[in-house]
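Asks: sequence unknown, structure follows:
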């Protein structure tokens, strides 16, 4: 009986020594750690996995999930921002082409203005002016 008890104590000691020195994740699973509820909401994950209380393992998992969520949101923001900038650059090029002096609006407006001015100032033979109206 004494030898079985000694063997059990030796094996438990070796196991505890291995756990304490070699298995950091097991140490993390045993170390209690507080996780704020706001962090859990932002990470959109549950608090515990293995133990009934929150541990350092859970805190690292939640921290990784929080970083992942932030990275995903940042990537989505950068994609949408780049897409908006791409379309704005295209619209600005179109605006420059449309309203430049060589563009259709730049050529059309002076033509309309000049044609209207010419139509008002040039007298046709069948037109009568104020002097001719008094004579009639």
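Replies: On my side now, so go ahead. Just so it is clear, the structure is predicted and the values come from calculations on it, not from any experiment.
Asks: tell me what whichever strand or helix holds residue 72 is packed against?
Replies: Per DSSP states H and E: residue 72 is located in helix 56-99. Under the contact criterion of 3 or more Cβ pairs under 8 Å, 6 or more residues apart in numbering; DSSP states H and E, helix 56-99 touches helix 24-30, helix 37-43, helix 104-121. Where you see a C-beta, it was placed from the backbone N, CA and C, and this is true even at glycine.
Asks: Next, the angle from the last one to helix 56-99.
Replies: Angle, helix 104-121 to helix 56-99, by axes from the mean of the first three to the mean of the last three Cα atoms, to 10 degrees: 30 degrees.
Asks: as a whole number, average confidence for helix 104-121?
Replies: Helix 104-121 comes out with an average pLDDT of 78.
Asks: returning to that earlier point: want to throw the helices and strands packed on helix 56-99 into CSV with mean neighbour count and distance to residue 95?
Replies: Shown next, in CSV, are those (neighbours: other Cβ atoms under 10 Å; distance: least, Cβ to Cβ, whole Å):
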stretch, mean neighbour count, distance to residue 95
helix 24-30, 14, 58
helix 37-43, 13, 41
helix 104-121, 10, 10
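Asks: Out of those, the one nearest residue 52 is which?
Replies: If you check each of those against residue 52 by Cβ to Cβ, helix 24-30 wins as the nearest, at 12.0 Å.
Asks: Which residues does that closest one contact?
Replies: Under the criterion Cβ atoms under 8 Å, 6 or more residues apart in numbering, residues 19, 20, 50, 51, 55, 56, 57, 60 lie in contact with helix 24-30.
Asks: No more questions from me, cheers.
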